[in-house]
Each structure stands twice: as C-alpha cells, then as structure tokens.
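Novice: Turn this into a model:
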Amino acid sequence: MPSKRGKQQTYGRIKRTDIIINKPQRYDCPEGHAHIYILSKRYRIPVFLDSGSNIFLINAQLVKDLHIPYDSRADAVQIQGFTGEAISSGGSHFTKPLYLEIGTNKDLLLVSCEIALAGKYGMIIPFRWWHQEHPIKNIANPDAWCFDDTDCQSHLLPEDEEISVE
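Specialist: The predicted model follows:
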C-alpha cells in the first residue's frame, strides 16, 4: 500500500545528514623573538603574532620560571583558544605591567598580559597591536622587524641603549 503522504519533499531544506561543519582554518602567522624586562634583567622570548588574538598572552610556564609578578582576579575572564573553546588554564591571572621590546629599532612598551599556557611561545601578541596600532615593517622577516610609523617614534630606544628597570 502506497504512503498516504506520497513523495516527501525537502523544499530546499538541508537534511541533518548534509550539514558539514568545517574546522577553523590555520594561517601561517609570523613568529619571531622579542625581549621582556623582569627585575632589571632582559630575557629573549619566542613570540607569535596572532591574527586571531585580541589580548596579550604570556606563557604560564615562563611566568613561573622567571618569577614574573602578577595579580589575580576573583572571577576568571574567559579566554578562547583557536577553536573558540574556553582555555581552562587562563583567565584568573594577569601580569603587572612589564616592558616588551620588539624589533630591530627596539620598540619599547609597557604591556600587561593574561597568563595561560601558550605552547612553545613565550608571548602571543594580538593582531590589533602588531597590525594596526604598531604596524611592523618587514613582517615576513622576523630578523628585520622594525617600526617606522610616526606613532611609534616616541617609544623607540635610541640605538645601542638598554633600559634600566628598577
């Protein structure tokens, strides 16, 4: 006996079995080195210029190893990873302002970072900072990173000068 409903039509709707969820696409973001100043000492760290990040993030292991001063908050803020999932290792602690020196012409700024695990990187630097606020010249060559934007000129160290952090 034929079905009373006749032929079922989907009327342009997608069947549940046809839905495909794509994984996020990874891009090759620039990697290089920068320096941070902790307790009057200068440390070279690997950095990742992340096109998807909107916060400075410092590796929790680096904070522990270098005894970087930090503060805690009562209610953790949510930090999302590459896939959009919350990172359980971060959001409760952040560094006190620390000096970040980056580039061949020594762009020097005070930054405060969220603390979380960051794999092989000492610091993850957000897109807006390195692309819009402090555009890095020679982005494809980390050994030649420099800043020539007029807004950056006020915080460049003179050549061959180090800072003294007390």
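
Novice: how many neighbours does residue 134 have?
Specialist: Counted with other CB atoms under 10 Å, residues neighbouring residue 134 total 18. Placement of C-beta: from N, CA and C, glycine included.

Novice: That one contacts residue 107, doesn't it?
Specialist: Yes. Contact status for residue 134 versus residue 107: in contact at 6.4 Å, counting by CB atoms under 8 Å.

Novice: What helices and strands are in contact with the helix ranked longest in the chain?
Specialist: Ordering each helix of the chain by length in residues (DSSP state H) puts helix 60-66 first. Using 3 or more CB pairs under 8 Å, 6 or more residues apart in numbering; DSSP states H and E, the elements in contact with helix 60-66 are strand 93-95, strand 114-116.

Novice: so of the ones you listed, which one's packed in deepest?
Specialist: For these, average neighbour numbers computed from mean count of other CB atoms under 10 Å are highest in strand 114-116, which has a mean of 23.

Novice: Run through who's touching it.
Specialist: Strand 114-116 has contacts (CB atoms under 8 Å, 6 or more residues apart in numbering) with 55-60, 63, 70, 77, 79, 87, 89-95.

Novice: Stretch 129-146 now?
Specialist: Residues contacting stretch 129-146 (CB under 8 Å, 6+ apart): 30-33, 49, 51, 56, 102-105, 107, 109, 147-149, 151-152.

Novice: Buried ones in it, by neighbour count?
Specialist: Judged by neighbour count using 16 or more other CB atoms under 10 Å, the buried positions of stretch 129-146 are 129, 130, 134, 136, 142, 145.
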